[in-house]
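# The sequence and its predicted three-dimensional model are supplied below.
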Amino acid sequence: MDKGRFVIEVHLRTGRPIGELARSYGLDRSWLYRRLARYRAEGVAGLEPRSRRPHRSPTRRGDLYEDEIVSIRKELTDRGFDAGADTIRTHLRRRHDVVPSVSTIWRVLKARGFVTPQPHKRPKSSYTRFVAELPNECWQADVTHVEVADGVVFEVLNIIDDHSRLCVASRVFVFTRSPDVVRTLHRGAAQWGYPEKFLSDNAAIFTASKGGGVGDMEAELLSLGIASKHSRPYHPQTCGKVERFHQTVKKYLAKQEPATSKKQLQGQLNRFVSYYNTVRPHRSLGRRTPAEAFAAREKSQPRGPRIDAAGYRVRNDKVNKNGTVTLRYRGQLHHIGVGRPYAGWRVVLLVAGREIRVLGADGSPLRHFTLDPSTDYQPMP
C-alpha cells in the first residue's frame, strides 16, 4: 500500500494529527494535507497514486515534427523504400539542424498507428558477421526471379560490393546465361573498377556449365586475376548481403505498377539503384549511403595471376597428402598425380576435353598432359 494513503487512513481512523503523523513516518506535512484534501473532494479514489507526467510539453520535439515524420513515413512506404525510424531521422537531418531522437520518432509512429510493437528478436551481437575491409575487396552476385504483369517471370542478376553494399549492377534477363554474367561484370567494372574477389553460389552460370562444358565466368575471372569464391551448397547465408538486397528490390517493385516488358522492368530497377546507391541511408553503414561508403576508402583490385583459360573448364582443388587431385571425366573419377611436395597446395585445373593443365594458385604450371580414360591413376611422367 502507498505510505501516504496508509497515513491518511490512520488519521481518519484514529484522529491523530497530520503533523504528528508526518513526523512519525518521515513525510512532508503539506503533502499529506494535499492528499487529505483530495480524499475529502474525491473520496477513496483521491488517495490513489497519480501520474507525474505533465499534461502538455510545448518544447517536445516530437510534437514539432510529428506531421513531417508521418509525411516522410507515408512517402517512403508508398514508393517501396525503407521507412523505419532510423531512416526517417536521416531524412529529417537533411532538412533541419536539430531533429528528434530515433526513440521519439518511433513513439510518434506508434501513437499514429504506423508501428505495432513486436517481441524482442535475437540480438544482433550474437551473430558473427563478415564485412570486407575495402571497397571492391569482394563482390557478391546472385540471381533472383521477379514476376511482372500477366504472370511473366524474369530473372534479375544483382551484384553488390560487400564493403559498401553498393549495387554494382542489377540487370534483367529472360534466362541468365554465363556470357550474360561476364558482360554484366565488365559493365559494372567500367564504372566502379574490378574486384579482388567474386563471391557467388554454385549455379552453373557462375561455375562450369552442366554436362562438363566450359565455365565462361570462371575462365574470365582467371584471365582478369580475380579470385573466384563459392558458397557451400544449401548455405545462402554466405551470400547473405546480396540475398538481403533481393528482398529490398522486391519490396520496391511491389509498390510499382507491374512491368509489362523486360525494358520497363529494367527502367524500374535503374531508378531504384540510383536511389539506393546515392539517397537511401543504410543501417549497416551508420546511415551513410552506399556511394558515400564506397568513396570513403581506397579501392582494392585484382591481385591474382592472370591466367588465360579461354576454352577451358575451370576446376579448383587442393592437392591431398598423397600428392594427387581428382577429376571426373565422362562419369568416371580419375586421380591425377601432381607430386607429394605439393601436398596442401591450392591448384587450378583447366580442362578441355582430355587435355588437362594443372596450375598453382599463383599461376605457375605444375603439369600439362592428355588424360588416359582407360586408367584411374594418371601418374607423373
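Received the coordinates, thanks.
# number of nearby residues for I8?
Residues within reach of I8, counting by other Cβ atoms under 10 Å, total 21. C-beta here means a position set from N, CA and C on the backbone, and glycine is covered the same way.
# where are the low-confidence patches of this structure?
1, 56-63, 120-128, 208-215 (pLDDT under 70).
# how's it carved up into domains?
The record's domain split for the chain, according to automatic domain parsing, is 3-47, 61-111, 138-295, 313-378.
# which stretch among those domains comes nearest V131?
With respect to V131, and counting by Cβ to Cβ, the nearest of the domains of the chain is domain 138-295 at 6.4 Å.
# related to what we said a few turns ago, export the domains of the chain to CSV and tack on distance to Q118?
Formatted as CSV, these follow (distance: least, Cβ to Cβ, whole Å):
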stretch, distance to Q118
domain 3-47, 36
domain 61-111, 11
domain 138-295, 17
domain 313-378, 44
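# And those: which comes nearest I307?
Of all the domains of the chain, domain 138-295 sits nearest to I307, with 4.3 Å by Cβ to Cβ.
# Regarding V358, what is its secondary structure?
Assigned by DSSP: H, G, I helix; E, B strand; the rest coil, the conformation of V358 is strand.
# Over to D67?
helix.
# so how many other residues sit close to it?
Number of residues near D67 (other Cβ under 10 Å) recorded here: 11.
# cool, K241 as well?
That count, for K241 with other Cβ under 10 Å as the rule, works out to 21.
# In space, what's closest to it - neighbours in sequence excluded?
With Cβ to Cβ, 6 or more residues apart in numbering as the criterion, K241 has its nearest non-adjacent residue at 5.4 Å, and that residue is Q140.
# a helix runs through the one you found, doesn't it?
No. Under three-state DSSP, Q140 sits outside any helix and is assigned strand.
# That one and E196: what is the separation?
From Q140 across to E196, the span is 13 Å (Cβ to Cβ, to the nearest Å).
# okay, the two: which has more neighbours?
More crowded of Q140 and E196, by other Cβ under 10 Å: Q140, with 27 against 19.
# need the contact list for the more buried one.
Residues near Q140 by Cβ atoms under 8 Å, 6 or more residues apart in numbering: 159-160, 162, 199-200, 239, 241-242.
# To Q301, which of the domains of the chain lies closest?
Of all those, domain 138-295 comes closest under Cβ to Cβ, at 6.2 Å.
# Do me a favour and get the end-to-end distance for the closest one?
15 Å (Cα to Cα, to the nearest Å).
# Going forward, the N-terminal residue is numbered 5.
Got it, the first residue is 5 from now on, which makes the last one we talked about domain 142-299.
# Which residue, neighbours along the chain excluded, lies closest to Q195?
Closest residue in space to Q195, ignoring its immediate chain neighbours: V172 at 7.8 Å, by Cβ to Cβ, 6+ apart.
# mind checking how far that neighbour is from P58?
52 Å.
# neighbour count winner among those two?
It is V172, of V172 and P58, that has more neighbours when counted by other Cβ under 10 Å, with 26 against 8.
# give me every residue that touches that one.
Here V172 is in contact with 143, 163-165, 192, 195-196 (criterion: Cβ under 8 Å, 6+ apart).
# one step back: out of the domains of the chain, the one nearest R133 is which?
domain 142-299 (8.6 Å).
# quick revisit: any idea how far the residue nearest to Q195 is from K201?
From V172 to K201 the distance is 13 Å (Cβ to Cβ).
# Then F298?
16 Å.
# try G50
On the measure of Cβ to Cβ, G50 and K201 end up 72 Å apart.
# Look at these two and report which has more neighbours.
K201 (20 against 17).
# And the helices in this structure?
For the chain, the helices defined by DSSP state H occupy 7-18, 22-29, 33-46, 65-82, 89-97, 106-115, 182-196, 220-228, 244-258, 266-282, 294-299.
# For PyMOL, write a command that selects the buried ones of the contacts of V172.
Here is the PyMOL command that selects the buried residues among the contacts of V172 (16 or more other Cβ atoms under 10 Å):
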select buried, resi 143+163+164+165+192+196
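# from the contacts of V172, which is closest to G229?
So of the contacts of V172, ranked by how close each gets to G229 (Cβ to Cβ), first place is W143, at 14.1 Å.
# how much space is there between the closest one and R292?
19 Å.
# now swap in L273 and tell me
Taking Cβ to Cβ as the measure, L273 falls 22 Å from R292.
# Which of these two has more residues huddled nearby?
Using other Cβ under 10 Å, the more surrounded residue of L273 and R292 is L273, with 23 against 17.
# got a list of what that one touches?
160, 174-176, 253.
# wait, doesn't K245 sit right on H167?
No. Counting by Cβ atoms under 8 Å, K245 does not reach H167; the two are 9.8 Å apart.
# Now do the contacts for the most centrally placed residue in the chain.
Centroid-nearest residue in the chain, with Cα atoms, centre = their mean: K245, separated by 3.7 Å. With contact taken as Cβ under 8 Å, 6+ apart, K245 is in contact with 144, 164, 166, 169.
# Measure how buried the third one is and give me the count.
To tie it back to what came earlier, the one meant is D166. 23.
# For it, give its distance to G23.
Counting by Cβ to Cβ, the separation of D166 from G23 is 74 Å.
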